[in-house]
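Undergrad: Sequence and predicted model, in that order:
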Amino acid sequence: MTASLKVMLVAGEASGDLHAAAFVRELRRRRPEVEVVGVGGSHLRAAGMVTLVDSEQVGTMGFVETFGTLGRHLRLYRTLSKMLRDDPPNLLVLVDYPEFNLLLARRAKRLGVPVFYFIGPQVWAWRSGRIEKIRERVDRMGVVFPFEAELYNRNGSHFAEFVGHPLLDVVRTTRGSEETRDRYGLDRDRPVLALLPGSRRKEVSLIGPSLGGAAARLATEGWQPVLAAAPGSDESGIESVRARCPQLVVVREDTYNVLGCADAAIVASGTATVETALLGCPMVIVYRMASISYWLARRLIRVDWIGMPNIILRRMVFPELIQEQATADKIAEAVRSVRGRAPEMRAALEELRAALGNPGAAARAADLALECVGQVAVTR
């Protein structure tokens, strides 16, 4: 690294890659000479980061599934740790991906490298005792959910700042509902059911057949099921859904417009639930993981709900069906229930959007990051 401002950034998953890219662009607006290297995907590369390892090579979905990538994680940790020691950056920026990133944060702090965390660890979900450990390893945090700053700042400090949710800047439709329906051969007068099973192969293989079964049942009642395939989605997973529902329409890389024309959605728990909420679409939240992973999660995770919309609202609004509860019959029944509660759904979705703050999260995060190294923003 030879630039006057050197940043190492680690974003280990697809959603982190997207939000980190917006952060890097804002950082470049303030410090055009900045050089950024680290772990990320296509969005970060497009934003100008030098990618040492692609995030697709290290992203995992569960406790047991993580074991298969331990070797890669260890090699990556050694590589980044050596860079922190031999050619230290001015700042280490960490984006989500807590288990790996907190280890790297400890190493950076021992070497005197300031650490900024954007989209922090969900300590409110599990291992809440780690808050003090995070304080020891991280200089500042930009958090994206309104209750997180209060949690981190209980001692009266300003360690964490709520910057708003970065999805507010990217989640929007590009065409009207009727135009989208026409594009995909959907009847304007019948309800549309969006299916978002996730993108990871294991994730889709576990939940796909139940989603397909539910869609098939609802199709007999007039619903039009549309699967919104995420970029990089596993084709075998998509086929596992289609095998149960021959009427299924598969749409690729147009998720926001599909949700914009949908009357309800079945969504795998994760970032997609927040995207669905921001587009005003009522949803049923589903999830399945490997049995051993679920057994461990039940013993480690301490939350009343798994879906971020319900966690943000602090009450069960959108039905959640997990593991053995996520059957085709129960999912279909939950969709019927959601549609029957349309006024409640609309009010809750408006409340949730307001709770997520204002657009501009990446810009506010970039300002906080520069404060960590005593830099003054220089915008063009």
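TA: Received, thanks.
Undergrad: got the residue ranges for the strands in the protein?
TA: 6-11, 35-40, 50-54, 91-95, 115-118, 140-143, 160-162, 192-196, 224-229, 249-252, 264-268, 283-287, 320-322 (DSSP state E).
Undergrad: tell me, which of those strands is the model least confident about?
TA: Mean pLDDT values for those show the minimum at strand 50-54, a mean of 91.
Undergrad: now what about that strand, what contacts it?
TA: With C-beta atoms under 8 Å, 6 or more residues apart in numbering as the test, strand 50-54 has contacts from E35, V36, V37, G38, V39, G40, G41, L44, R45, L76, T79, L80. Yep, even glycine has a C-beta here, placed from its N, CA and C like the rest.
Undergrad: shouldn't the first one be in contact with V24?
TA: No - counting by C-beta atoms under 8 Å, V24 is not a contact partner of E35; they are 10.7 Å apart.
Undergrad: between these two, which one's more packed in?
TA: Neighbours around E35 and V24, counted as other C-beta atoms under 10 Å, are more numerous at V24. The numbers are 26 against 18.
Undergrad: Now do the contacts for that one.
TA: Going by C-beta under 8 Å, 6+ apart, the list of residues near V24 reads L9, V36, L44, A47, G48, M49.
Undergrad: which of the residues you listed sit farthest apart?
TA: L9 and G48 (11.2 Å; C-beta to C-beta).
Undergrad: Can you tell me which of the contacts of strand 50-54 is nearest P231?
TA: Closest to P231, out of all of the contacts of strand 50-54 and judged by C-beta to C-beta, is G41, at 10.1 Å.
Undergrad: can you count the residues close to that closest one?
TA: Counted with other C-beta under 10 Å, residues neighbouring G41 total 25.
Undergrad: before we move on, what about L349?
TA: L349 has 22 neighbours, counted by other C-beta under 10 Å.
Undergrad: quick one, what contacts it?
TA: Here L349 is in contact with A277, G280, C281, P282 (criterion: C-beta under 8 Å, 6+ apart).
Undergrad: can you list the weak-confidence ranges in the protein?
TA: Residues of the chain that meet the criterion pLDDT under 70 lie in 1-3, 58-69, 123-129, 201, 289-303, 375-380.
Undergrad: just to revisit the earlier point, more neighbours: which of L9 and G48?
TA: When L9 and G48 are compared for neighbours, L9 comes out ahead with 29 against 14, by other C-beta under 10 Å.
Undergrad: Contact partners for the more buried one?
TA: By C-beta under 8 Å, 6+ apart, the contact set of L9 is 20, 24, 36-40, 44, 49, 92-95.
Undergrad: Check those residues for burial and list the buried ones.
TA: Among these, the ones that count as buried by 16 or more other C-beta atoms under 10 Å are 20, 24, 36-40, 44, 49, 92-95.
Undergrad: Distance to R242 for those residues - can I get that in a markdown table?
TA: Below are the buried ones among the contacts of L9 laid out as a markdown table (distance: C-beta to C-beta, whole Å):
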| residue | distance to R242 |
| --- | --- |
| A20 | 33 |
| V24 | 38 |
| V36 | 41 |
| V37 | 41 |
| G38 | 38 |
| V39 | 34 |
| G40 | 32 |
| L44 | 33 |
| M49 | 37 |
| L92 | 44 |
| V93 | 40 |
| L94 | 39 |
| V95 | 34 |
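Undergrad: now, which of those sits nearest R107?
TA: Nearest member of these to R107, counting by C-beta to C-beta, is L92, at 9.0 Å.
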